[in-house]
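Peer 1: Coordinates for the following, if possible.
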Amino acid sequence: MVLICTDAAAFLDLVTGPDLWFGPAYLLVICIAAWSLGWRAGQLIGVGCMVLTLALNGFNLYPYAAAAFAWNFGMRFVAISTVVAVMAGARRAYLREWWLARSDVLTGALNRQAFFELAPSAIDAGRWRLLVYADLDGLKKVNDVQGHASGDACLRAYGAAVRKMIRKNDIFARVGGDEFLIFMSVKDEAAAKTVALRLHKAMNRIKAEGDSLNCSVGGLVVPPGDACFDDLVRNADNLMYKAKLRGACLQLGIASHVQPTARGRARAKSRISSTWALGAHANAVDRRADTRSGVNEAAPS
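Peer 2: Residues are numbered from 1 along each chain as shown. Here you go, the predicted structure:
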């Protein structure tokens, strides 16, 4: 877009000739480049526009002596550099404020608003996905007994540990006081189950305030295809609640009624086709209306 706009400005500058000053049009192109591509690209486009105007209009823009030409050319360069610096600085400030409005300062995770903005489009619908809903058991008790400073320390420790467990392109968000979501692409169904089990084990080994945190985890395995994202989160939340009732275990489920990806096809609601629990209390099976079949396996020690 920047190159097209530059070409358009140069073409109009050529057509109108040196009698019409086309500086504002070039300046607009430079601002677009600095905002969208950064200060280096903005500076490069700025110098390129200066060279273009000189090539198209010759010395008609500088009809005075050589000393005046050098002075005018230098002042234009300084002016363009200043504009580029201001635009690039405004862009950095905008991005910083955008992320601050969408991140949780305490844990370093995204907040609920950012998760629902980014997750549906950030994860490839053509691949298997895993949605993990985690809840820190006993955080309220820590806040009540040891104080909110201890509870904040638990949250900071949990957030820092989880960010190390997952990849950079995986989405990690705090969606409640002690509730977190992780959304990621995985190779296949088996990989999703393996990752969910690994995350559950690692989350329950996190140390904070001298003790290990207990974490109930609901893991929803999502096949390739389009699905209603709100329903996916709701199903993962239900799985987490079942895990919480059993006591810091892992409750896994596979989403069904996911439509194959196709342009123009309506998104279908996602349901859980099967669930199974892994954890200390996995034998307490609770099959409800949202499950059609289930298998319970004890977690490896």
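Peer 1: Flag the shaky bits of the stretch 101-250 of the chain, pLDDT-wise.
Peer 2: Low-confidence segments of the stretch 101-250 of the chain, defined by pLDDT under 70: 210.
Peer 1: Helices along that one, start to end?
Peer 2: 112-122, 139-146, 148-165, 189-203, 229-246 (DSSP state H, counting those that start in this stretch).
Peer 1: quick one, longest helix in the protein?
Peer 2: helix 66-100 (DSSP state H).
Peer 1: List the buried residues of that one.
Peer 2: 76, 80, 83-84, 87-88, 91 (16 or more other CB atoms under 10 Å). Any C-beta I mention is one placed from the backbone N, CA and C, and that applies to glycine too.
Peer 1: Which strands and helices lie in contact with it?
Peer 2: Applying 3 or more CB pairs under 8 Å, 6 or more residues apart in numbering; DSSP states H and E, one finds that helix 66-100 makes contact with helix 23-37, helix 39-57.
Peer 1: rewinding a little: let me know which of the helices of the stretch 101-250 of the chain is tucked in deepest.
Peer 2: Highest mean neighbour count among those (mean count of other CB atoms under 10 Å): helix 229-246, with a mean of 20.
Peer 1: got the angle for it vs helix 112-122?
Peer 2: Put simply, helix 229-246 runs at 120 degrees to helix 112-122, going by axes from the mean of the first three to the mean of the last three CA atoms, to 10 degrees.
Peer 1: and the angle for helix 229-246 with helix 189-203?
Peer 2: With the same axes, to 10 degrees defining the directions, helix 229-246 sits at 50 degrees from helix 189-203.
Peer 1: Beyond helix 229-246, next helix or strand please.
Peer 2: Later in the chain than helix 229-246, the nearest helix or strand by DSSP states H and E is strand 250-256.
Peer 1: How far does that next one sit from its chain's centre?
Peer 2: Relative to its parent chain, strand 250-256 has a centroid offset of 24 Å by CA atoms, centre = their mean, to the nearest Å.
Peer 1: just to revisit the earlier point, show me the one of the helices and strands packed on helix 66-100 that comes nearest H148.
Peer 2: helix 23-37 (41.2 Å; CB to CB).
Peer 1: Give me the helices and strands touching that closest one, please.
Peer 2: Using 3+ CB pairs under 8 Å, 6+ apart, helix 23-37 sits against helix 2-16, helix 39-57, helix 66-100.
Peer 1: could I get the ones you listed as a markdown table with distance to L130 and mean pLDDT?
Peer 2: What follows is the helices and strands packed on helix 23-37, written out as a markdown table (distance: least, CB to CB, whole Å; pLDDT from 0 to 100):
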| stretch | distance to L130 | mean pLDDT |
| --- | --- | --- |
| helix 2-16 | 38 | 81 |
| helix 39-57 | 37 | 84 |
| helix 66-100 | 25 | 84 |
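Peer 1: Can I get those helices in CSV including distance to A157?
Peer 2: Formatted as CSV, the helices and strands packed on helix 23-37 follow (distance: least, CB to CB, whole Å):
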stretch, distance to A157
helix 2-16, 45
helix 39-57, 38
helix 66-100, 22
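Peer 1: No more questions from me, cheers.
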